[in-house]
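> could you work out the structure for the sequence below:
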Amino acid sequence: MASASHRRSLRKRRTLIVSAAVVAAGVGAGAVVMNANAQAVDLYHQTLAAKDGWASSGTGTTGGTKADSAHTFTVSTRAQLVKALGSATDTTPRIIKVKGTIDANTDDSGKKLTCAHYASGTGYALTSYLKAYDPATYGRSKLPSGTQEKARAAAQKKQAANIVLKVPANTTIVGVPGTKAGISGGMLQIQNVDNVIVRNLTFAATEDCFPQWDPTDGADGNWNSNYDSVTLRGATHVWADHNTFTDAPHLDSANPKCYGREYQIHDGSLDITKSSDLVTVSRNQFTDHDKTMLIGSSDSEPSGKLRVSIHHNVWKGIVQRAPLSRVGQIDIYNNYYDVTPLNGYAVQYSINSRAKAQVVAANNYWKVPSSVKVSKLLSGDGTGAIKGSGNLVNGTATDLVAAYNAASSKDLRTTVNWTPTLTAGLETSASAVKNLPTTLAGTTGAGVLS
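From the prediction side, this is the model:
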């Protein structure tokens, strides 16, 4: 049950219910869930509403709502969070309330850990690594191998042991209102489990101390990092709602260049891969990031999975993958995209459909500066489909697929093999979505639920 500080009088409950109904009428499914007696359900026991995206399919997504008092935790440190999560194979329902910001780069006593700590004892040093794999001497035809690559992998393994937080099935993780709840420097790993809810949290500064150099990645090579803020791998029935994802405080503009390429320490914000399925991503804010949301880790992933709904999210200062979709049936509706360059992040594209993905993009709103061509808002490999309708660019109805195809040699297909039906809160006009980041800012991102 909610703590006393979050209880409401009957009058307040009635007021809140009315307010939720107004929000639902104006901007989609509201944050408050009502039971059969028309009383508000506390934040920690809320479940995904019926027909609210793919995660409501079948058994729906209830997270840890059935948790008993012994499996209801309030945590404010990394050590407490690890203890509350328990074993990744324990399916006992649990509710985890995150109070304040948890720094994942700390030890069990709360001591701050740095990249130097993780590298200690492994033999890794960036200067030695750069010398060992300089393309001028090592070449560009193969991945690094040998002493320094082994040392890098060992240091990365030490960091992963500390910052990768494994979430078991039947779990709800929610930020406590009014505490600036979030996880800094960590990765929630939701892998091969079912029925997880993640809400009201800010995920920031998820950074890899030890990116790997890949000279074969692209014409000039690239530095590739591990760790998404939230990663789904073979997960089912997951609801990610009212969270904020950001690179801050270390933005990509602060990354140095090594071998002439950006030394990239960030990976994804929220990646949905390895045949994950039945996922709803709603009312989140994604900002200041490059490779933001990957759906499907490989073009060869089997069909029949990767069914994801993405609605009422705000994307601002995002370079690409909003999302990049492979294989699955992806429903993207009522999102707000501001592709104005921000803090050094300039858009390459918003939505990519490849590997025969079946994307429906309806009633989304794009704010586009004159420096960005509308034809650049979509992307694809010639096999993916995007069925677009009702999308607005700066308030004007725009056929984004036609604009892309007119400028591309690899056309996006315009028909899909399915029709969305799980669309609770769908705005029939994208004009209502225009206000998501302004007058209706209290409906998206972390810290707004109560």
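> spit out the contact partners of Ser379.
Contact analysis of Ser379 by CB atoms under 8 Å, 6 or more residues apart in numbering lists 320, 324, 348-349, 351-353, 404. (Glycine included, C-beta is placed from N, CA and C.)
> are we agreed that it is in a strand?
Yes: note on Ser379: a strand contains this position according to DSSP: H, G, I helix; E, B strand; the rest coil.
> of the contacts of Ser379, closest to His237?
The closest of the contacts of Ser379 to His237 turns out to be Leu324 (CB to CB; 22.3 Å).
> per-residue pLDDT, that closest one?
Here the pLDDT value assigned to Leu324 is 98.
> surely it is in contact with Met293?
Yes: using CB atoms under 8 Å, Leu324 makes contact with Met293 at a distance of 7.2 Å.
> the two: who's more crowded?
Here Leu324 and Met293 are compared on neighbour count by other CB atoms under 10 Å; more neighbours surround Met293, at 28 against 25.
> pLDDT value on that one, please?
pLDDT, Met293: 98.
> give the contact list for it.
By CB under 8 Å, 6+ apart, the residues touching Met293 are 268-272, 281, 286, 310, 321-324.
> restricted to strands, list the residues you listed.
Secondary structure from DSSP state E places 270-272, 281, 286, 310, 324 of the contacts of Met293 in strands.
> mean confidence score for the host helix or strand of Ile386?
Per DSSP states H and E, Ile386 falls inside strand 385-389. Averaged across strand 385-389, pLDDT comes to 98.
> then stretch 68-79?
Rounded mean pLDDT across stretch 68-79 is 98.
> how far does that stretch sit from the chain's center?
Relative to its parent chain, stretch 68-79 has a centroid offset of 23 Å by CA atoms, centre = their mean, to the nearest Å.
> same question, stretch 97-117
In terms of CA atoms, centre = their mean, the centre of stretch 97-117 is set 21 Å apart from its chain centre.
> among the contacts of Ser379, which one lies nearest to Ile332?
Using CB to CB, Ile351 is the member of those that lies nearest Ile332, at 6.5 Å.
> please name the bridge partners of the closest one.
Leu378 (DSSP bridges).
> pull the contacting residues for the closest residue to Asp68 other than its chain neighbours.
Leaving out its chain neighbours, the residue that sits closest to Asp68 by CB to CB, 6 or more residues apart in numbering is Pro93, at 7.9 Å. For Pro93, the contact set (CB under 8 Å, 6+ apart) comprises 63-68, 71, 170-171.
> on that earlier part again, tell me what the very next helix or strand once past the strand holding Ile386 is packed against?
Going down the chain from strand 385-389, the next helix or strand is strand 392-393, by DSSP H and E. On a contact count with 3 or more CB pairs under 8 Å, 6 or more residues apart in numbering; DSSP states H and E, strand 392-393 meets strand 365-367.
> could you give the mean pLDDT of the strand it packs on?
98.
> ok, stretch 165-173 next?
Mean predicted confidence for stretch 165-173 is 98.
> got it, and stretch 347-354?
98.
> pull the CA atoms of that stretch into PDB?
Provided in PDB are the C-alpha atoms of stretch 347-354 (Å, rounded to 0.1, in the frame of the first residue of the first chain):
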ATOM      1  CA  VAL A 347      18.800  14.800 -36.300                       C
ATOM      2  CA  GLN A 348      19.800  12.200 -38.900                       C
ATOM      3  CA  TYR A 349      16.200  10.700 -39.000                       C
ATOM      4  CA  SER A 350      13.400  10.000 -36.600                       C
ATOM      5  CA  ILE A 351      11.800   6.600 -37.600                       C
ATOM      6  CA  ASN A 352      13.600   3.800 -39.500                       C
ATOM      7  CA  SER A 353      11.900   0.700 -40.800                       C
ATOM      8  CA  ARG A 354      14.100  -2.100 -42.000                       C
END
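> can you name the residues in contact with that stretch?
For stretch 347-354, the external contacting residues (CB under 8 Å, 6+ apart) are 299, 315, 318-326, 330, 332, 337, 339, 341, 359, 361, 366, 372, 376-381, 383-386, 412.
> swap in 6 Å and give it another go.
Stretch 347-354 is contacted by residues 319-320, 322, 324-326, 337, 339, 359, 376-381, 384, 386 when judged by CB atoms under 6 Å, 6 or more residues apart in numbering.
> where exactly do the strands run in the stretch 51-200 of the chain?
72-75, 94-98, 101-103, 164-166, 171-175, 182-184, 187-191, 194-199 (DSSP state E, counting those that start in this stretch).
> could I get the ones you listed as CSV with mean neighbour count?
Listed next are these as CSV, based on neighbours: other CB atoms under 10 Å:
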stretch, mean neighbour count
strand 72-75, 18
strand 94-98, 25
strand 101-103, 20
strand 164-166, 18
strand 171-175, 28
strand 182-184, 25
strand 187-191, 23
strand 194-199, 26
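> for those strands, which one sits closest to Gly218?
Closest approach to Gly218 among these is made by strand 187-191 (25.0 Å; CB to CB).
> alpha carbons only: can I get that closest one in PDB?
Extracted in PDB, the C-alpha atoms of strand 187-191 (Å, rounded to 0.1, in the frame of the first residue of the first chain):
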ATOM      1  CA  MET A 187      21.300  -0.100 -16.800                       C
ATOM      2  CA  LEU A 188      18.100  -1.900 -16.000                       C
ATOM      3  CA  GLN A 189      18.300  -5.300 -17.700                       C
ATOM      4  CA  ILE A 190      15.000  -6.900 -18.300                       C
ATOM      5  CA  GLN A 191      16.000 -10.200 -19.900                       C
END
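> before we move on, back to that, out of the contacts of Met293, which is most surrounded?
Among the contacts of Met293, Ile272 has the most neighbours (other CB under 10 Å), with 33 neighbours.
> quick one, what contacts that one?
Residues in contact with Ile272 (CB under 6 Å, 6+ apart) are 232, 279, 295, 308.
> do Thr246 as well
Contacts for Thr246 (CB under 6 Å, 6+ apart) come out as 204, 287-288.
> how does it look with 7 Å?
Taking CB atoms under 7 Å, 6 or more residues apart in numbering, we find Thr246 in contact with 204, 287-289.
> now, which of those residues sits nearest Ala424?
Closest to Ala424, out of all of the contacts of Thr246 and judged by CB to CB, is Thr287, at 25.4 Å.
> with that, I have no additional questions.
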